[in-house]
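**Q** What follows is a predicted protein model with its sequence.
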Amino acid sequence: MPSKKNNAPKKQNTRDIMSCFKGFKCLCVGGEKRRTVEEDLERDSRFIEDLDDVTLSDNENPDLNTECPQKVDNLHNNKLNVQIERQRANCGASNTSLQKCDTTPVVDVVQQRGTSVRAVVDKGVSIVDIEEIYEKLRQQSPALRELMESRFPGDSYQKAVNLKKENFGKIQQSFSEVHRVKKLLRQGESVCKVVVKDVCQGTGFVLFDNFILTNAHLFKDCVEGQKLKKDVNVFVFFNYEDPEPDLNYYYYELAHRDICCTQDDLDYAVLELNPESQKSNQSTQTQRRKVPPGLLKMFGPMPQNGEACIIGHPKGEVKKMDLTFIIEKEKREQAVNDHLHPYKESIFTLLTIINLLKDQGLENIMMGGTKADKVGTYNTFMYHGSSGSPVFDARGRVFGLHTAGYAYEFINHKGSVIEFAQPLLTIFEHYVSTLKEHGKDELLERVKKEVKGNSDLEEVLKSVVELKDEPADPEELLDYIEPMDTD
C-alpha cells in the first residue's frame, strides 16, 4: 500500500474522499492479510463507505488495476492511484450537482434495518432531508432523557457505584487468603490456549486425561458433522504465561480429527490431544512433560451470586486471571443500565449502542428471556480470545465455561456491558448423553471413574446412565463399622 510522505490528516466527520486527498500527495493505509482492499479502506474513516465507483491503478504500471475485492496480501509498499468515476466525484460538488444526487427522504431510508443515519447522510441526501431526521432525533431526545433519569432517580446512580465498590471489596477479601490463591494457580496450570490456525484463537482447559474442553464457536465453518475439515489445523498451548522473551510454552496437536462439537444452544467442544506430538518453543527442552491434571472432578453447580474468578488467554495473550462476581439475573438489566449511564448525554451514541446490543440478543438473558435461567453472568475484561475459559467460585470449584459477552464498538466507544458462562453441569450431562448415544462405552467408563466422589456429577450420571452395582471397597466399609460395646 502507499508509503507515507506527509503527515496524514486527522479523521474527519465527513467521508468525502476528494477532501480527504486535498493537499496530500500520498496517504498511508494500513492493511491486514486475508482482508480485501475494500474492507481495509472502509475501516479507514477517511474514506467513503461506498467504494463501488473507486478503482486503484499501479503508479508504476497504470494499466494494472487493483480491484477492491482483491486481497491485500501482496500489496505491501505498493503505491496506488485512486480513480473515481467523474459523475460520482462531482455529486455534491456544487448546488447544481445536488439535483443529480439521491433525494430519497432520509426517514424512509433509515427505517431499513441495518442502515445508520450517518451512512444515509454520506450518500448525499438533500439538506432538507437531513434536517428532517435531525428534527426527529430532537423530538425524541426529551423523552429518552426522561427515561434514563427515571432509571437513576436522585442519587441512585452513585449508590450503584458504591455497591460495585462494596462487591469488589468482598472479592478482594474472598481471594486474599493465600491457600485459595495457591489452589487457583494450581488449577490454572490446566488452562491452555487453543489456536485454530489461520482462523481464530481461544482458551480451553483439561477435562480429564488428554481431553480438552472449549467453546464450539471457535470451530465455526471448520467442521463437517463431528469431524474437523482436512485443511483445519488445531494446536493447544500450555504454560503460555511468561512475557516475551521468556516464554517457555509447550504445545500439542490433536490425536485425530474427531470432535464432540455442538451446534445448538450449548456452545462447547471436546478435543483429544496426541501426547506424542508434544513440542516446545525451547530448543534445549528434551524432557517430555505431562498433560496437566483435568478439572472435571472439581465441577460444581452454578452459584446464584457470590465471587468468581476467570483464567484464560484474552486476545491470545499470556494467561491472565480476573476476579469478579456473579450478577444475579434479577440485577442484569440494572447492571447494563449502570454501564450505559455515562452515555445518557449523547442520545445518538446511546441509541446506536442499544441497537447493537439488541441485535446480539441481549434481551435473551434478561428476566423472562429464553436464556435467563441457562447462563451465569458477570463483568470481566476477558473479551475476545477468552472463550472457553473456566470460571471458578471462591472455593475453587469450576462451575462455568466462559462463552461470550455483549460488546459494542462505535466510533471512539468500545466496551462490553455484560458477559456470560454456561453451567458445566449442564454441559457434562449433554456430553455423557452423547457418549452413551454413540456407544462409546469405554470412554464412558473412564468418565465414571474420574467423577467418583463428586456427588453433583454422580447425580447427573444417574439421571443419564444406568450405573452398574460395583463391589464396595473393604477399606471404605471399615469407616461405617462401629466398634461393638463389650460391656
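**A** That came in fine, so what should we check first? The structure displayed is predicted, hence computed values, not measured ones. Numbering: from 1, shown residues only.
**Q** which stretches of the stretch 201-350 of the chain have low pLDDT?
**A** Residue ranges of the stretch 201-350 of the chain with pLDDT under 70: 263, 284-286.
**Q** for it, what spans make up the strands?
**A** Here the stretch 201-350 of the chain has its strands, by DSSP state E, counting those that start in this stretch, at 211-214, 223-224, 227-228, 234-238, 250-253, 260-261, 269-272, 279-280, 307-312, 320-325.
**Q** could you redo these as JSON lines and give each row mean neighbour count?
**A** (Glycine included, C-beta is placed from N, CA and C.) Converted to JSON lines, the strands of the stretch 201-350 of the chain look like this (neighbours: other C-beta atoms under 10 Å):
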{"stretch": "strand 211-214", "mean neighbour count": "25"}
{"stretch": "strand 223-224", "mean neighbour count": "14"}
{"stretch": "strand 227-228", "mean neighbour count": "18"}
{"stretch": "strand 234-238", "mean neighbour count": "21"}
{"stretch": "strand 250-253", "mean neighbour count": "18"}
{"stretch": "strand 260-261", "mean neighbour count": "22"}
{"stretch": "strand 269-272", "mean neighbour count": "22"}
{"stretch": "strand 279-280", "mean neighbour count": "14"}
{"stretch": "strand 307-312", "mean neighbour count": "25"}
{"stretch": "strand 320-325", "mean neighbour count": "19"}
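**Q** Those: which one's closest to residue 457?
**A** Across the strands of the stretch 201-350 of the chain, residue 457 has its closest neighbour in strand 211-214 (13.8 Å, C-beta to C-beta).
**Q** now the strands of the stretch 201-350 of the chain in CSV, with distance to residue 400?
**A** Shown next, in CSV, are the strands of the stretch 201-350 of the chain (distance: least, C-beta to C-beta, whole Å):
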stretch, distance to residue 400
strand 211-214, 11
strand 223-224, 24
strand 227-228, 25
strand 234-238, 20
strand 250-253, 25
strand 260-261, 19
strand 269-272, 16
strand 279-280, 31
strand 307-312, 8
strand 320-325, 11
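**Q** For residue 438, find the nearest of the ones you listed.
**A** The minimum distance between residue 438 and the strands of the stretch 201-350 of the chain falls on strand 260-261, with 8.9 Å, by C-beta to C-beta.
**Q** Would you mind pulling the contact partners of the closest one?
**A** Residues from elsewhere that reach strand 260-261 (C-beta atoms under 8 Å, 6 or more residues apart in numbering): 216, 219, 223, 226, 269, 270, 431, 434.
**Q** Do you have the strands of the stretch 351-487 of the chain handy? List them.
**A** 376-378, 390-393, 398-410, 413-423.
**Q** Out of these, which is closest to residue 208?
**A** Closest to residue 208 of the strands of the stretch 351-487 of the chain, according to C-beta to C-beta: strand 398-410, at 12.3 Å.
**Q** List the buried residues in that closest one.
**A** Applying a neighbour-count criterion of 16 or more other C-beta atoms under 10 Å, the buried positions in strand 398-410 are 398, 399, 400, 401, 402, 403, 404, 405, 406, 407, 408.
**Q** cool, stretch 438-454 as well?
**A** Residues of stretch 438-454 classed as buried by neighbour count (16+ other C-beta under 10 Å): 443, 444, 447, 448, 450, 451, 454.
**Q** Repeat that for stretch 178-185.
**A** Within stretch 178-185, the residues scored as buried using 16+ other C-beta under 10 Å are 180, 184.
**Q** Export that stretch to PDB, keeping only CA atoms.
**A** The C-alpha atoms that make up stretch 178-185 are tabulated as PDB, following Å, rounded to 0.1, in the frame of the first residue of the first chain:
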ATOM      1  CA  VAL A 178      -3.100 -17.500  50.300                       C
ATOM      2  CA  HIS A 179      -4.400 -21.000  50.300                       C
ATOM      3  CA  ARG A 180      -7.200 -20.000  47.800                       C
ATOM      4  CA  VAL A 181      -4.700 -18.200  45.600                       C
ATOM      5  CA  LYS A 182      -2.400 -21.200  45.600                       C
ATOM      6  CA  LYS A 183      -5.300 -23.600  44.700                       C
ATOM      7  CA  LEU A 184      -6.300 -21.300  41.800                       C
ATOM      8  CA  LEU A 185      -2.800 -21.200  40.400                       C
END
